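Chemist: Structure for the following, please:
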Amino acid sequence: PCLNFDTTGSHKVIFSGTEKQLISFDSYNSGFASAEFINPNVEIIARSKYMRGFKLTKDIVYNNSINMNLVNTMDLNGHSITVNGDLTLESNGSGTLDLNGGVLTVKGNLYQVAGTLYVNGGTLNVDGDYKIQKVTETDGVKTYDYAKAYLKMTNTADKVNINGDFTTQSSYKHSSYYLT
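Modeler: The predicted model follows:
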């Protein structure tokens, strides 16, 4: 595949605009090594459906529902992501959202369709429901099926706070993904 923007190492991109900024990649292998979001009104669009993750250097607030489609690891790096709406996590199978001591707050529902949500000493706050399920909507009717997803909690500092319902329908065994 074409690597139209494939940064590595200490390369950092800073989004500092005052109006809405869109980030779009033509290749699922494209992405940032590190990104800083000074502008809170940034929307990530992955044209090929998936985007390579990156390491956060500052907190991010999304003012609406988002789909996060990861190919590699999105590392919160001790920072926070707040989604003022629903969050749908998808992946090509190897994508990981690593809280890494940071905080992920979802003001709506969290739908984990695929990939790994690795709490890793961080905190997950979900105001609504957390569903580890594949969600399909047809004519306004939602149906649920098995997800290719993991919730990984292997650190004693891991915290998951869910105000709504928790449903897991993963097609994977989780025995090595939590403390016993």
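
Chemist: switch to C-alpha atoms for all contacts and neighbour counts from now on
Modeler: Will do.

Chemist: Okay, now the unreliable bits of this protein?
Modeler: 1-4, 25-29, 40, 42-53, 93 (pLDDT under 70).

Chemist: repeat that with 50
Modeler: The model of the chain has pLDDT under 50 over residues 48.

Chemist: quick one: the helices in it?
Modeler: In order along the chain, the chain carries no helices (DSSP state H).

Chemist: check contacts around Thr143.
Modeler: 135-137 (C-alpha atoms under 8 Å, 6 or more residues apart in numbering).

Chemist: Sort out for me which of these are in strands.
Modeler: Counting by DSSP state E, these place 135-137 in strands.

Chemist: sorry, back to before: so which of the contacts of Thr143 wins on neighbours?
Modeler: Counting neighbours by other C-alpha atoms under 10 Å, the top entry in the contacts of Thr143 is Val135, with 16 neighbours.

Chemist: who's that one bridged to?
Modeler: Going by DSSP bridges, Val135 is paired in beta bridges with Tyr144.

Chemist: I'd say it and Tyr144 touch.
Modeler: Yes - between Val135 and Tyr144 there is a contact at 4.8 Å, judged by C-alpha atoms under 8 Å.

Chemist: you'd agree Glu36 is up against Ile14?
Modeler: Yes - using C-alpha under 8 Å, Glu36 is in contact with Ile14, at 4.7 Å.

Chemist: out of those two, which sits in the busier spot?
Modeler: More neighbours surround Glu36 than the other of Glu36 and Ile14, with 16 against 13 (other C-alpha under 10 Å).

Chemist: ok, now which ones touch that one?
Modeler: Applying C-alpha under 8 Å, 6+ apart to Glu36 gives the contacts 12-15, 56-58.

Chemist: Just give me the closest of the contacts of Thr143 to Met74.
Modeler: Using C-alpha to C-alpha, Val135 is the member of the contacts of Thr143 that lies nearest Met74, at 22.2 Å.
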